[in-house]
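Participant: The following comprises the amino acid sequence and a computationally predicted model.
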Amino acid sequence: MDVNKNLTIRFSDLNYYGTDGLLKNKQKQILKNINGRFQGGELTAIVGPSGSGKTSLLNAIARYRRKGISGNIKVNGDDIKLYKNQIAYVMQESHMYGLLTVLESMKYAVKLKIGIPLSPAIISKISKILKMFSLEGHEKTFVKHLSGGQCKRLSIALEIINDPKIIFLDECTSGLDSASSYQCIKLLRQLVYKGHTIICTIHQPSTLMLEMFDHIYAVANGQCIYQGSLKNLLKFLKEIDFQCPQTYNPIDYLMEIANDIYGERNCDLINQIENGRNENFCHSLKYEERSETDEFEAYPIPTFNSQLLYLMQRNVSIILRDFTYTYFRLFAHLFLGVLVGFTFWQIGNDASSVFKDFRLLIGVMILLVYTSLYSQITLFPTHNKVIKRECFNNWYSPRIFNIALFITDCPITIVCVLLFLIPMYIMTNQPPELFRFGSCFLILLLLSYNSQNIGLLAGSVKSVLLALIIAPFLMIHQIALSGTFILQKDAHPLIGSLFKTTFLNYATEGMKITIFGFNRTQLDCDDIYCHYAKPEKLLQFLQLNSTYEEVIIVMTLYMIILRIIIMMIVNFQLKAK
Ligand SMILES: Nc1ncnc2c1ncn2[C@@H]1O[C@H](COP(=O)(O)OP(=O)(O)OP(=O)(O)O)[C@@H](O)[C@H]1O
């Protein structure tokens, strides 16, 4: 593939059926046999009244949406799928990590997309792009502190770093004032001079803005009502007896016709332009202005290992700066550990308090379940939009992202469990044996990972609100069948067998063994008689159904299987569109 060749997109008989209704049972035709051509090296604006199908058309052509779409989309005569790596899609909202600086964001884009070390040539390319996008001087600014216009420009800059030949932008001027919108389009104009093919939807374009476009593609009710240059629009309208008043913006006039202000005349427009097949009103305007100096580069595809490493590096940078997610989470675990320690002060070796000690274990597990669960619920909903943008633009695959996320979160989870366990263990006077402490730590760590998985599973359902409702429901099943409130032997035989389906049941078994098992010596007894002074007597009463090894194996398997299911759900969601 010649990377310096202009890429022209042609689409024909494009249909898009969306689903509507509560049960998604109603089909609605959004794009109707629509055709068109976006000339390589030109700047195209897709315009149309609100709800006319601009975004649907853009998404269909960019292959951002695939479900319900039929028709042909070709790039220079070949299937558009072959040009996957040459396409960038800039979404309407700029989803980026606010805790990275502008320069860091650019560097990670390079590392993840291109997979080559940051050579002086690449650094100078980044500086050039930042200058071009008027972001020089903001290199060290956190993305969360950028203005709307700066965010928009940065989101475009991130996508052009690897020289994609085709760039799609959805509502590239939405949320920007007229000066910022003008600046943004001017920038796109500059990219077009370099040979990029750029297509963007525009909501309310001014004449001044539209004059910077080579090609206008107008849509109404899912069909093409005009394609060609702005200059030729008046000629087109004249051919079907529309005379645009001299003081009018011709596009506004076209939109008024599309909105049936002059009677139902949309059919005339569609017939005249043959629903996008008629190319008589198009002409290349600024071809000759293409810069000779800017050559497109074909970059290598990064390896799995390099992408994993860069994603982990990026996650660590974000985690270390995220007060709520990291530091508050650490502090909360320490606080709860100390609180539990004071509440159950020095009961651990007292034979008359064995049931208090058992209740302590239950309390410890439930606290850890909830701190772990809630720490992860919002993780996917907050990452989701960034992952979606980056995965669609071929930065990396969702699988690598998931693995990187798990690995980088591991140290925090370990520290959280230790911060909780150490004060609790010492203050409640549990046996000072390293092996027992280690065994207890392992059970709680696995419990924490499994609870995190429930949070992630709930969070993988798109909305935070839904996740917050689903998560406690998923957890109730675990708690009810955990063997803490009622022992397995006392439950109905039908329910009893279900205890084996919960990781919390195994965690309970494991905690009983670590605290009262492993040949623990006799407890102190200050009363005349302590029935449970011998810990094995208590274990007999509490009834053990598993060995410590079984507990570890089952909880580990539970954790791995649940993680794989979550990865599959996230992968599916990212591909489902
Ligand atoms: N998945 C879907 N299922 C059902 N209807 C849909 C779906 N997607 C879009 N629509 C409908 O299709 C029509 C076109 O939507 P689209 O977002 O493409 O319009 P638009 O021209 O970009 O609008 P705006 O300028 O207001 O953003 C709208 O009526 C919208 O409600």
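Facilitator: Great, that's in hand.
Participant: What residues does this structure have near the ligand?
Facilitator: Listed as neighbours of the ligand in the chain under the rule Cβ under 6 Å from any ligand atom: 18-20, 28, 30, 48, 50-56, 203. Glycine gets a C-beta too; all of them are placed from N, C-alpha and C.
Participant: Run a quick neighbour tally on whichever residue of the stretch 151-300 of the chain sits closest to the ligand.
Facilitator: The minimum distance from the stretch 151-300 of the chain to the ligand, using Cβ to the nearest ligand atom, falls at residue 203 (5.4 Å). Burial of residue 203 is recorded as 17 neighbouring residues (other Cβ atoms under 10 Å).
Participant: how close does it sit to residue 439?
Facilitator: 62 Å (Cβ to Cβ, to the nearest Å).
Participant: sorry, back to before: identify, from the residues of the chain next to the ligand, the entry nearest to residue 158.
Facilitator: Proximity to residue 158 was ranked across the residues of the chain next to the ligand by Cβ to Cβ; first place goes to residue 55, at 20.7 Å.
Participant: from what I can see that closest one touches residue 201, true?
Facilitator: Yes - counting by Cβ atoms under 8 Å, a contact exists between residue 55 and residue 201, whose distance comes to 5.8 Å.
Participant: Partner strands of the strand or helix carrying residue 89 and their direction?
Facilitator: Per DSSP states H and E: residue 89 is located in strand 87-90. Based on DSSP bridges, the strands next to strand 87-90 in the sheet, each with its direction, are strand 166-169 (parallel).
Participant: avg pLDDT for the strand it pairs with?
Facilitator: When pLDDT is averaged over strand 166-169, the result is 94.
Participant: show me what contacts the residue of the stretch 151-300 of the chain closest to the ligand?
Facilitator: Going by Cβ atoms under 8 Å, 6 or more residues apart in numbering, residue 203 touches 50, 171, 173-174.
Participant: which residues in the stretch 1-150 of the chain form strands?
Facilitator: With DSSP state E, counting those that start in this stretch, the ranges of strands along the stretch 1-150 of the chain come out as 9-20, 26-38, 43-47, 69-75, 78-79, 87-90.
Participant: Redo the ones you listed as CSV? Include mean neighbour count.
Facilitator: CSV is the format used below for those (neighbours: other Cβ atoms under 10 Å):
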stretch, mean neighbour count
strand 9-20, 18
strand 26-38, 19
strand 43-47, 26
strand 69-75, 17
strand 78-79, 10
strand 87-90, 23
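Participant: Same list, the ones you listed, but as JSON lines with distance to residue 282 please.
Facilitator: Compiled in JSON lines, the strands of the stretch 1-150 of the chain are given as follows (distance: least, Cβ to Cβ, whole Å):
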{"stretch": "strand 9-20", "distance to residue 282": "12"}
{"stretch": "strand 26-38", "distance to residue 282": "7"}
{"stretch": "strand 43-47", "distance to residue 282": "10"}
{"stretch": "strand 69-75", "distance to residue 282": "17"}
{"stretch": "strand 78-79", "distance to residue 282": "21"}
{"stretch": "strand 87-90", "distance to residue 282": "22"}
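Participant: element containing the residue nearest the centre of the chain, please.
Facilitator: Closest to where the C-alpha atoms of the chain average out (Cα atoms, centre = their mean) is residue 384, at 1.7 Å. Element membership for residue 384, per DSSP H and E: helix 379-392.
Participant: Going by contacts, tell me the helices and strands next to the next helix or strand after that helix.
Facilitator: Past helix 379-392, further along toward the C-terminus, the next helix or strand under DSSP H and E is helix 398-427. Using 3 or more Cβ pairs under 8 Å, 6 or more residues apart in numbering; DSSP states H and E as the contact criterion, the neighbours of helix 398-427 among helices and strands are helix 304-321, helix 329-343, helix 354-377, helix 379-392, helix 434-459, helix 548-576.
Participant: Quickly, which of these bottoms out on average pLDDT?
Facilitator: Here the lowest mean pLDDT among the helices and strands packed on helix 398-427 goes to helix 379-392, at a mean of 84.
Participant: buried set for that helix?
Facilitator: Buried residues in helix 379-392, counted by 16 or more other Cβ atoms under 10 Å: 379-381, 383-384, 387-392.
Participant: ok, now stretch 344-361?
Facilitator: Of all the residues in stretch 344-361, those buried under the rule 16+ other Cβ under 10 Å are 344, 347-354, 357-358, 360-361.
Participant: Let me see the ranges of the helices in the stretch 201-350 of the chain.
Facilitator: The residue ranges that make up the helices of the stretch 201-350 of the chain, judged by DSSP state H, counting those that start in this stretch, are 207-210, 230-239, 250-258, 266-272, 304-321, 329-343.
Participant: What lies in contact with the longest one?
Facilitator: Residues from elsewhere that reach helix 304-321 (Cβ under 8 Å, 6+ apart): 97, 99-100, 104, 108, 111-112, 115, 302, 325-326, 396, 400-401, 403-405, 407-409, 412.
Participant: Residue 240 against residue 272, yeah?
Facilitator: Yes - judged on Cβ under 8 Å, residue 240 makes contact with residue 272 at a distance of 5.1 Å.
Participant: out of those two, which sits in the more crowded spot?
Facilitator: Neighbours per residue, other Cβ under 10 Å: of residue 240 and residue 272, the larger number sits with residue 272, 17 against 13.
Participant: and the more buried one, what is it in contact with?
Facilitator: Residues near residue 272 by Cβ under 8 Å, 6+ apart: 236, 239-240, 278.
Participant: For the ligand, what is the nearest residue in the chain?
Facilitator: Minimum separation of the chain from the ligand (Cβ to the nearest ligand atom) falls at residue 18, amounting to 2.6 Å.
Participant: ok, what's across the strand from that residue?
Facilitator: Counting by DSSP bridges, residue 18 is bridged to residue 28.
Participant: so who does it touch?
Facilitator: Contact partners of residue 18, counting by Cβ under 8 Å, 6+ apart, are 27-28, 30, 56, 68.
Participant: Any chance of the residues you listed in TSV with distance to residue 504 and pLDDT as columns?
Facilitator: Formatted as TSV, these follow (distance: Cβ to Cβ, whole Å; pLDDT from 0 to 100):
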residue	distance to residue 504	pLDDT
27	44	83
28	45	88
30	47	94
56	46	95
68	42	89
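Participant: coming back round to it: taking the contacts of residue 203, tell me the two that lie furthest apart.
Facilitator: Largest separation among those by Cβ to Cβ: 50 and 173, giving 14.6 Å.
Participant: Please identify which of the two sits among more neighbours.
Facilitator: In this view residue 50 and residue 173 are compared by other Cβ under 10 Å, and residue 173 has more residues nearby, 25 against 9.
Participant: Count the neighbours of the nearest residue to the more buried one once chain neighbours are set aside for me.
Facilitator: Computed as Cβ to Cβ, 6 or more residues apart in numbering, the closest residue to residue 173 that is not its neighbour in sequence is residue 181, at 3.8 Å. Using other Cβ under 10 Å, residue 181 has 23 other residues around it.
Participant: Could you double-check that residue 181 lies in contact with residue 209?
Facilitator: Yes - using Cβ under 8 Å, residue 181 and residue 209 qualify as a contacting pair, with a distance of 6.4 Å.
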